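1. fold the stuff below for me.
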Amino acid sequence: MAGEVILSNVENKEYTGKLTPFVVLICLVAATGGLIIGYDIGISGGVTSMDPFLKKFFPSVYRKEHEDQSTNQYCKFDSQILTTFTSSLYLAALIASFFASSVTRLFGRRWSMFIGGISFLVGAALNGAAQDIFMLIFGRILLGIGVGFAGQSVPLYLSEMAPAKLRGTLNITCQLMITIGIFSANLINYGTSKIQKGWGWRLSLALAAVPASIITVGSFFLPDTPNSLIERGHDQKAKIILQKIRDCRSDISKEYADMVAAGEESKQVNHPWTTILKQKYRPHLTMAILIPFFQQLTGINVIMFYAPVLFETLGFRHNTSLMSTVIIGLVNVFATFVSIGTVDKFGRRLLFLQGGVQMLICQITLGTLVAIKYGTTGEGTIPKTYALVMVFFICIYVAGFAWSWGPLGGTLVPSEIFPLEIRSAGQSINVSVNMLFTFIVAQTFLPMLCDFKFGLFYFFAGWVFVMTIFIAFFLPETKNVPIEKMIVVWKSHWFWGRFVRDEGDTIC
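-> Next comes the predicted model:
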């Protein structure tokens, strides 16, 4: 296939380091940074659907929602104020990711994780204790800063610590933690929504402090990556850490030499934000922008953010819709294990392509099923059996995302493709684009559903088709390639090879 590159000479480069219990432990601790991201995704939609929360902070929204007697299933009440509150976190994360780039480059990956954990911890405390809208929004901004720092640093840490042959498996533990965070939040929302005295929303928001505490304490004790230590001039300390994570009896000389060479090149770069604009980094910049852009246009956040609303639209009662969301969360967790078990065996491209086809079929099927029952008027009811069929296809869709675009587009591929000199800047661009389009999709989903009707499913299906073609032709296989030798992948690619040169670079 056009995008596939065979690099047996690179894949077989003899790094003799083994997978040690120590590297597994530190990667699992670092991956808990994904818990804070997942918990917020799962908790937000549920809390903003709780009446006591709306009555306290958005009374006008509560009144309008209960006054809305429309039976049009496409045009549910839409409050831009409420969705702006929900998605304000992502604007804060977008801005924070740029500051995180400098912290990650100058002080190391683990300090970015620590700052992210502290910020999220304080934000959770403010949200849980909020007495007015100012406390609520200020807390949400702090949560966003935490997400920005964690999203920028955790994937880099995992990719740099993991041995090349198991980089995919260890990196995707971050996505696994995100799915566990979402699932845990769904369970908590289901439980707190039943609290009669109306303070369940406080418990949901305050419990965000639990994953925040884990990553805050954990990151304080983590060693920094050898790559980062070399980049900051601590070569001997880097060698000690590398020996420890690759087994004390392994010969690390070749891997260490490659890291030192990459570090020397990185030290020549004073301004990574202008360096990444050079022609030789054109494929990296393209992927940093398009992969997160495409990931948001899979339509997954429509499911995750608005699952309770979506299931009520499909005919479920409120509590039943929350339980259905819990079921989807469980599917998300188990499907991520499929990716963990296969990504280093079958490669990134195969999972991307298979997942894309699966999601495409499900989106088209769901759009057709909705069209049959609601047509263009939005009037009608869905029988229980029919609704269960739709939930089944939603679960199949979520599974396809969870073993393809979720882990590969969210954490793995963007964190492993950048050379050291632009790695922090490239990951920040990836996170900021992801957050920007998360915000846009969150703000526009309900108006688009009203205007596009069942066609919204076809809209996202069209984008899934486009991104699957893009992967087929333009993303090379990165399986088993040492992270500091990744440049060879781009030089050997049928399209990107024309841009990646050793000499004659120009700012474009």
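2. count the neighbours of Asp51 for me.
-> When neighbours are counted by other Cβ atoms under 10 Å, Asp51 registers 14. Glycine gets a C-beta too; all of them are placed from N, C-alpha and C.
3. quick check: closest non-adjacent residue to it.
-> Excluding the flanking residues, the one nearest Asp51 by Cβ to Cβ, 6 or more residues apart in numbering is Tyr62, at 6.5 Å.
4. shaky segments in the protein?
-> Applying pLDDT under 70 to the chain flags residues 1-14, 69, 71, 73, 76-78, 301-323, 502-508.
5. so which helix or strand takes in the residue nearest to Asp51?
-> helix 59-67 (DSSP states H and E).
6. dump the C-alpha coordinates for that helix into PDB.
-> C-alpha atoms of helix 59-67 as PDB (Å, rounded to 0.1, in the frame of the first residue of the first chain):
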ATOM      1  CA  PRO A  59     -31.300  28.800  36.700                       C
ATOM      2  CA  SER A  60     -32.400  30.400  33.400                       C
ATOM      3  CA  VAL A  61     -31.100  27.300  31.500                       C
ATOM      4  CA  TYR A  62     -33.100  25.100  33.900                       C
ATOM      5  CA  ARG A  63     -36.300  27.000  33.400                       C
ATOM      6  CA  LYS A  64     -35.900  27.100  29.600                       C
ATOM      7  CA  GLU A  65     -35.200  23.400  29.500                       C
ATOM      8  CA  HIS A  66     -38.300  22.500  31.400                       C
ATOM      9  CA  GLU A  67     -40.400  25.000  29.400                       C
END
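7. for the next helix or strand after that helix, which residues meet the burial criterion?
-> Moving toward the C-terminus from helix 59-67, the next helix or strand (DSSP H and E) is helix 80-107. Of all the residues in helix 80-107, those buried under the rule 16 or more other Cβ atoms under 10 Å are 82-83, 85-94, 96-101, 103-105.
8. centre of the chain to helix 80-107, how far?
-> 13 Å (Cα atoms, centre = their mean, to the nearest Å).
9. that one versus helix 59-67: what angle between them?
-> If you take axes from the mean of the first three to the mean of the last three Cα atoms, to 10 degrees, helix 80-107 sits at 130 degrees to helix 59-67.
10. hmm, back to that, elements contacting the helix holding Tyr62?
-> On a contact count with 3 or more Cβ pairs under 8 Å, 6 or more residues apart in numbering; DSSP states H and E, helix 59-67 meets helix 51-57.
11. output the helix it packs on as PDB, restricted to C-alpha atoms.
-> Only the C-alpha atoms of helix 51-57 are listed here, as PDB (Å, rounded to 0.1, in the frame of the first residue of the first chain):
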ATOM      1  CA  ASP A  51     -31.300  19.600  37.900                       C
ATOM      2  CA  PRO A  52     -29.800  20.700  41.300                       C
ATOM      3  CA  PHE A  53     -26.600  21.800  39.500                       C
ATOM      4  CA  LEU A  54     -28.600  23.800  36.900                       C
ATOM      5  CA  LYS A  55     -30.900  25.400  39.500                       C
ATOM      6  CA  LYS A  56     -27.900  26.700  41.400                       C
ATOM      7  CA  PHE A  57     -25.600  28.000  38.700                       C
END
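12. what sits up against that helix?
-> With contact meaning Cβ atoms under 8 Å, 6 or more residues apart in numbering, helix 51-57 is reached by 47-48, 61-62, 65, 82, 130, 132-133, 136, 198-201.
13. which one of those sits in the busiest neighbourhood?
-> Result: Trp201 is most packed of the contacts of helix 51-57 (other Cβ under 10 Å), 27 neighbours.
14. in a helix, that one, correct?
-> Yes - using DSSP: H, G, I helix; E, B strand; the rest coil, the secondary structure at Trp201 is a helix.
15. from Ala288, how far off is the residue nearest in space to the middle of the chain?
-> Centroid-nearest residue in the chain: Gly410, 3.9 Å away (criterion: Cα atoms, centre = their mean). Per Cβ to Cβ, to the nearest Å, Gly410 is found 13 Å from Ala288.
16. quick revisit: who are the contact partners of the residue nearest to the centre of the chain?
-> Contacts of Gly410 (Cβ under 8 Å, 6+ apart): Gln175, Ile178, Pro292, Gln295, Asn434.
17. tell me the one of those nearest Ile417?
-> The closest of those to Ile417 turns out to be Pro292 (Cβ to Cβ; 12.8 Å).
18. how near is that closest one to Glu67?
-> Pro292 is 38 Å from Glu67, where distance means Cβ to Cβ.
19. those two - which one has more neighbours?
-> Using other Cβ under 10 Å as the criterion, Pro292 and Glu67 rank with Pro292 on top: 23 against 8.
20. the more buried one contacts Gln427, correct?
-> No - under the criterion of Cβ atoms under 8 Å, Pro292 is not in contact with Gln427, lying 10.5 Å apart.
21. list the residues that contact both of the two?
-> Counting by Cβ under 8 Å, 6+ apart, the residues touching both Pro292 and Gln427 are Pro414.
22. quick one, helices of the stretch 401-508 of the chain?
-> Using DSSP state H, counting those that start in this stretch, the helices of the stretch 401-508 of the chain run over residues 413-416, 423-452, 455-474, 487-491.
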